[in-house]
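J.: Structure for this input, please:
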Amino acid sequence: MINPFDLDKHRELLFTPEPADQVERALMLLSGLPKLTVAVSHKAHALDIRYNLLDYTLAGLEHALTADGFLLDRSLLHNVGRNIIYYCEDTTLHNMETPSHVTKKNEKDLFVEVHDQHTHDDHAVIPPKLRRYE
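T.: Numbers count the residues shown, from 1 in each chain. All right, here's what the predicted structure looks like:
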């Protein structure tokens, strides 16, 4: 089961220095989205965003911004980190859709039931005299 607190994400959107006004435009655009908190980051050309995975993903937000003409920082380090975040968020969402297996919840009961149904004939070949320690 996924902890509901693990669904709340705090990320940073990094933009290229040019055009100069794109951070302000992105701030105004993203501020209008429900259940998304946006603030100017302490870093230059960046925005801090907070969202829940049930509402948004970083991949979806960044793809929407690039479709609107915003230029995100595409340096190697940021691309690697961004792709790891995309993968982790996608995996979390996929795991939430996957039903949990019943055997994980009651595996002890399952094995006890199988054990009880199994015929234990291995004791029949041992003479009664040898079955007990005397």
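J.: Show me what the longest helix along the chain is packed up against.
T.: Longest helix of the chain, by residue count under DSSP state H: helix 76-97. Applying 3 or more CB pairs under 8 Å, 6 or more residues apart in numbering; DSSP states H and E, one finds that helix 76-97 makes contact with strand 8-14, helix 58-67. In this view, the C-beta of every residue, glycine as well, is placed from N, C-alpha and C.
J.: Tell me the spacing between residue 94 and residue 9.
T.: Distance, residue 94 to residue 9, by CB to CB, to the nearest Å: 16 Å.
J.: who has more neighbours, these two?
T.: Using other CB atoms under 10 Å, the more surrounded residue of residue 94 and residue 9 is residue 9, with 18 against 9.
J.: Now do the same contact list for the nearest residue to that one once chain neighbours are set aside.
T.: Counting by CB to CB, 6 or more residues apart in numbering, residue 9 lies nearest to residue 51, which is 5.6 Å off, once chain neighbours are set aside. Contact partners of residue 51, counting by CB atoms under 8 Å, 6 or more residues apart in numbering, are 8, 9, 11, 35, 36, 37, 61.
J.: quick one: which of those is nearest to residue 116?
T.: Top of the list for closeness to residue 116, among the contacts of residue 51 and by CB to CB, is residue 8 at 45.3 Å.
J.: Run a quick neighbour tally on the closest one.
T.: Neighbour count for residue 8, taken as other CB under 10 Å: 12.
J.: That concludes my questions; thank you for your assistance.
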